[in-house]
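*Asks:* Task: produce atomic coordinates for the following.
(one chain, ligands or ions: 1)
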Amino acid sequence: ILTIISLLFLFLASGGGYMMAGRAIIPIKKSYDRQREFVADASHELRTPLSIFMASVEAIQRDKESKISPFAEIVLADMKDEIKKMSKTVSDMLTLARSDAEATMILKEKFNLMNIIEQVLRSLQPLANEKNIQLSFENQIEKVILADKERIRQLLLILLDNAIKYTPPQGKVSVGLEFSTKVPDIKIIIKDSGMGIPAEDQELIFERFYRVDKTRSREIGGTGLGLSIAKWIVLAHGGSVKIESQMGKGSTFIIILPQ
Ligand code: ADP
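*Replies:* Below you'll find the model as predicted:
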């Protein structure tokens with residue numbers, strides 16, 4: 001597994017460019033397609049052993065017969081955290097490799113955006129409570145939109161989860177809506193009172209594995225792939241993302257989706 005993972009990262013890090021295959025130089029597009037297929041296949045293959053690891057750790061934790069020392073209990077809990085992180089990275093890589101191949105279709109349907117936002121806020125409430133962060137829904141407007149419901153849910157989860165992660169305890173996170181009939185479009189505004197994003201990093205954070213201040217981000221946890229997926233979802237809907245941020249004061253992500 002470790003070999004597959006290192007190869008995977010090597011491939012992801014190497015980006016486009018030319019690859020030597022024997023004496024021939026494979027054009028960029030072909031080599032890129034091969035990389036993408038490799039990432040998709042490898043991530044897919046890694047999912048099963050990872051779920052087996054997880055199930056095994058849980059089985060040991062549940063086994064009343066085995067006498068586990070307090071130290072082993074800590075090790076098992078740490079292992080579980082790492083397996084969870086790795087499963088998230090693998091599933092994010094798979095999403096991105098599939099999106100590159102345009103194998104993931106955007107399936108638009110009509111749904112009430114407000115209901116989805118309420119569901120996502122409910123699921124993130126425990127996370128916000130842990131840090132005493134006030135999570136609110138402003139400008140609630142009942143509106144049926146045409147978009148891919150599951151992808152919009154995923155987009156909201158990524159942005160709100162980040163807003164909570166990168167906001168210190170006692171802070172505020174809000175989501176708001178604006179509709180314009182002129183264009184026509186919808187704006188989803190996600191605002192936090194967190195650490196902010198330096199101007200020079202605001203475009204880069206949408207790149208795969210890019211994280212501002214690596215040490216701090218690693219402590220907070222995450223795959224570095226969330227915003228790449230978020231951007232792909234927005235672009236696949238023909239929309240755009242804007243960031244407004246001030247260091248130490250907070251960040252606002254504005255998603256514009258045409259209707
Ligand atoms: P991660 O898994 O690291 O959160 P993302 O792709 O979602 O990956 O985000 C990339 C980086 O952008 C994060 O590591 C963090 O440095 C920065 N970032 C994202 N959202 C916010 C936010 N709301 N406030 C401050 N920094 C943020």
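
*Asks:* Quick check: pLDDT value at the closest residue to the ligand within the stretch 151-259 of the chain.
*Replies:* Per CB to the nearest ligand atom, residue 222 is where the stretch 151-259 of the chain lies closest to the ligand, at 2.2 Å. For every residue, glycine as well, the C-beta is placed using N, CA and C. Here the pLDDT value assigned to residue 222 is 80.

*Asks:* Distance of it relative to residue 65?
*Replies:* Distance from residue 222 to residue 65, counting by CB to CB, to the nearest Å: 37 Å.

*Asks:* ok, the two, which is more surrounded?
*Replies:* Neighbours were counted for residue 222 and for residue 65 using other CB atoms under 10 Å; residue 222 has more, 19 against 4.

*Asks:* thinking again about what came up before, so who does the residue of the stretch 151-259 of the chain closest to the ligand touch?
*Replies:* Residue 222 makes contact with 162, 165, 211, according to CB atoms under 8 Å, 6 or more residues apart in numbering.

*Asks:* I'd guessed the first one sits against residue 225; true?
*Replies:* No. Between residue 162 and residue 225 there is no contact, the gap being 11.7 Å when judged by CB atoms under 8 Å.

*Asks:* for the contacts of residue 222, which one is nearest residue 252?
*Replies:* Comparing those against residue 252 with CB to CB places residue 162 closest, at 12.1 Å.

*Asks:* SS state for that closest one?
*Replies:* Assigned by DSSP: H, G, I helix; E, B strand; the rest coil, the conformation of residue 162 is helix.

*Asks:* Do a quick rundown of the strands in this structure.
*Replies:* 19-21, 24-26, 109-112, 134-138, 144-147, 172-180, 185-192, 240-246, 250-258 (DSSP state E).

*Asks:* Output these in CSV; the columns should cover mean neighbour count.
*Replies:* CSV is the format used below for those (neighbours: other CB atoms under 10 Å):
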stretch, mean neighbour count
strand 19-21, 12
strand 24-26, 11
strand 109-112, 12
strand 134-138, 14
strand 144-147, 18
strand 172-180, 18
strand 185-192, 20
strand 240-246, 15
strand 250-258, 20
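
*Asks:* any chance of these in JSON lines, plus distance to the ligand and mean pLDDT?
*Replies:* Compiled in JSON lines, the strands of the chain are given as follows (distance: least, CB to the nearest ligand atom, whole Å; pLDDT from 0 to 100):
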{"stretch": "strand 19-21", "distance to the ligand": "27", "mean pLDDT": "51"}
{"stretch": "strand 24-26", "distance to the ligand": "30", "mean pLDDT": "61"}
{"stretch": "strand 109-112", "distance to the ligand": "24", "mean pLDDT": "96"}
{"stretch": "strand 134-138", "distance to the ligand": "13", "mean pLDDT": "97"}
{"stretch": "strand 144-147", "distance to the ligand": "21", "mean pLDDT": "94"}
{"stretch": "strand 172-180", "distance to the ligand": "9", "mean pLDDT": "95"}
{"stretch": "strand 185-192", "distance to the ligand": "5", "mean pLDDT": "96"}
{"stretch": "strand 240-246", "distance to the ligand": "7", "mean pLDDT": "96"}
{"stretch": "strand 250-258", "distance to the ligand": "4", "mean pLDDT": "97"}
